[in-house]
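Undergrad: pasting the sequence and the predicted coordinates here, then a few questions.
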Amino acid sequence: MDSESQFSIDELDTFASIYERDVDITLVQSIRSCPAMRDWLRTHAGFPAAELFQVRHSLSTSDQRETDLEVRFGDEKAAYVLQIENKLDAEFQPNQQESYAARAESLTEDSDVVAARCILICPERYAQSADGSAFDAILTYESARDILLAEGPWGRSAALVIQHAIDKHRRGGTDAPIDEARTEFFRRFSELAHQNGLPLIPHRPRKRNAGFLWWPRAGTLRQPRGWNPSGSHGASLSAKLIHGFADIELTGVGSVCDIHKLGQELDNYGITHGRNEGHLRIRSDAPQLDPSSGFDAQRDEANTFVRALTEQHQWWHDVGCDLVAKLINMQGR
């Protein structure tokens, strides 16, 4: 199926990034809601017709690994168990396939399990190059998408997530529509920031209307002692160009320290900030920039914006990082 004929250009520019977890959640919702999805899984697992009674996501296992999805058909006294490994574009970890097969075999020893299988679900191009020989079946995103497209509006929304994963991979933007003016503006801005001590960063916008750039944790902002953020959590630096904000973003900091006390400490320093659940944003005003217009006409404003970023960067290394570390250590006592 040609995705261009199924989705509009605007639809295919909906999500800036798609990660494996996004696909996991979409699959969970689809399995719960769509009989055709359940039939598809049961058929390829070799299970008889049986009702769904449980779906679990990111299940920790006894061998210290993880099953992305576990789907159980039948009932709690006679279950047909399907373990699903979702691979968007990451390589297999050592012995990861074999551990799935071993877990499926050990499950059959449980008195409440009739049969257990393990399958791999991934984009078609991944299936063509990866060795999935330890799995009982390999199913593709493309097949899941086509099933969901037949399910009406909600199915189309789920299929759109799958299509983004097929097109863009987990980091997003590899096949995103190109905006030459913004790409050139971002390139010039990134080079200017690099001349002032910040790392060079990718300059292709992830969306056609993108108006911000961000710098990775590694090589930009050191992380406070006692905070070992995983995934997208951590302290990062971002330039909200169209809004005129140079931000330090502390994502997930509320899980390791009292975010209200942190806000009070920042007030004592006269630091502008905002909170949203467990996240905190330290903000410095900067000129508003228009990435769709020429860079040279906004060079003075861009210089001022970069100074705001470098001042944030310096403040973090002089004060901010140790301040957050102190509060983390206080909470840990």
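TA: Happy to help now that I have it. Numbers count the residues shown, from 1 in each chain.

Undergrad: okay, now the domains of this structure?
TA: Domains of the chain are assigned by automatic domain parsing as 3-168, 180-332.

Undergrad: among these, which gets the worst mean confidence?
TA: Least confidently modelled of the domains of the chain is domain 180-332, at a mean of 85 by mean pLDDT.

Undergrad: how far is that one from where the chain is centred?
TA: How far domain 180-332 lies from its chain's middle: 19 Å, per CA atoms, centre = their mean, to the nearest Å.

Undergrad: next: stretch 101-110.
TA: On the basis of CA atoms, centre = their mean, stretch 101-110 sits 31 Å off its chain's mean C-alpha point.

Undergrad: show me what counts as buried in it.
TA: 101-104, 107 (16 or more other CB atoms under 10 Å). No exception for glycine: its C-beta is placed from N, CA and C like everyone else's.

Undergrad: name the nearest of those relative to residue 126.
TA: Of all those, residue 101 has the smallest distance to residue 126: 18.9 Å, by CB to CB.

Undergrad: so that closest one makes contact with residue 118?
TA: Yes - using CB atoms under 8 Å, residue 101 makes contact with residue 118 at a distance of 6.0 Å.

Undergrad: kindly confirm my reading that residue 28 is in a helix.
TA: Yes - using DSSP: H, G, I helix; E, B strand; the rest coil, the assignment for residue 28 is a helix.

Undergrad: burial of it, as a residue count?
TA: Neighbour count of residue 28, defined by other CB atoms under 10 Å: 18.

Undergrad: can you offset everything so residue one is 560?
TA: Got it, first residue is 560 now, which makes that one residue 587.

Undergrad: residue contacts, it?
TA: Contacts here follow CB atoms under 8 Å, 6 or more residues apart in numbering; on that basis residue 587 touches 614, 616, 628.

Undergrad: OK, contacts around the second one?
TA: By CB under 8 Å, 6+ apart, the contact set of residue 616 is 583-584, 587, 627-628.

Undergrad: same thing with residue 888?
TA: With CB under 8 Å, 6+ apart, residue 888 has these contacts: 784-785.

Undergrad: can you do 6 Å?
TA: Residues near residue 888 by CB atoms under 6 Å, 6 or more residues apart in numbering: residue 785.

Undergrad: go on, residue 674?
TA: Contact partners of residue 674, counting by CB under 6 Å, 6+ apart, are residue 639.

Undergrad: pairing partners for the helix or strand hosting it, with directions?
TA: In the assignment (DSSP states H and E), residue 674 maps to strand 672-681. Sheet pairing for strand 672-681, assigned by DSSP bridges, gives strand 637-645 (parallel), strand 696-699 (parallel).

Undergrad: deepest of the ones you listed, which one?
TA: With neighbours defined as mean count of other CB atoms under 10 Å, these peak in mean count at strand 637-645, which reaches a mean of 22.

Undergrad: ok, residues contacting it?
TA: Residues outside strand 637-645 that contact it (CB under 6 Å, 6+ apart): 579, 582-583, 600, 604, 606, 609, 626-633, 659, 663, 666, 671-680.

Undergrad: which helices and strands sit right next to the following helix or strand past that strand?
TA: Note on strand 637-645: by DSSP H and E, the next helix or strand toward the C-terminus is helix 655-666. Under the contact definition 3 or more CB pairs under 6 Å, 6 or more residues apart in numbering; DSSP states H and E, helix 655-666 sits against strand 637-645, strand 672-681.

Undergrad: export those to a markdown table and tack on distance to residue 773?
TA: As requested, the helices and strands packed on helix 655-666 are exported to a markdown table (distance: least, CB to CB, whole Å):
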| stretch | distance to residue 773 |
| --- | --- |
| strand 637-645 | 26 |
| strand 672-681 | 28 |
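
Undergrad: so which of those strands gets nearest residue 809?
TA: Closest to residue 809 of the helices and strands packed on helix 655-666 is strand 637-645 (CB to CB; 29.4 Å).

Undergrad: pull the closest one out as CSV, backbone CA atoms only.
TA: Extracted in CSV, the C-alpha atoms of strand 637-645 (Å, rounded to 0.1, in the frame of the first residue of the first chain):
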residue,chain,number,x,y,z
ALA,A,637,-6.2,-21.9,30.4
ALA,A,638,-4.1,-19.1,28.7
TYR,A,639,-2.6,-18.9,25.2
VAL,A,640,0.3,-16.5,25.8
LEU,A,641,2.0,-14.4,23.1
GLN,A,642,5.1,-12.4,23.8
ILE,A,643,5.8,-9.6,21.3
GLU,A,644,9.1,-7.9,20.7
ASN,A,645,8.7,-4.6,18.9
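
Undergrad: just the angle for that strand relative to helix 655-666, thanks.
TA: Computed by axes from the mean of the first three to the mean of the last three CA atoms, to 10 degrees, the angle separating strand 637-645 from helix 655-666 equals 170 degrees.

Undergrad: any idea how far strand 637-645 is from the middle of the chain?
TA: Here strand 637-645 is found 24 Å from its chain centre; the criterion is CA atoms, centre = their mean.
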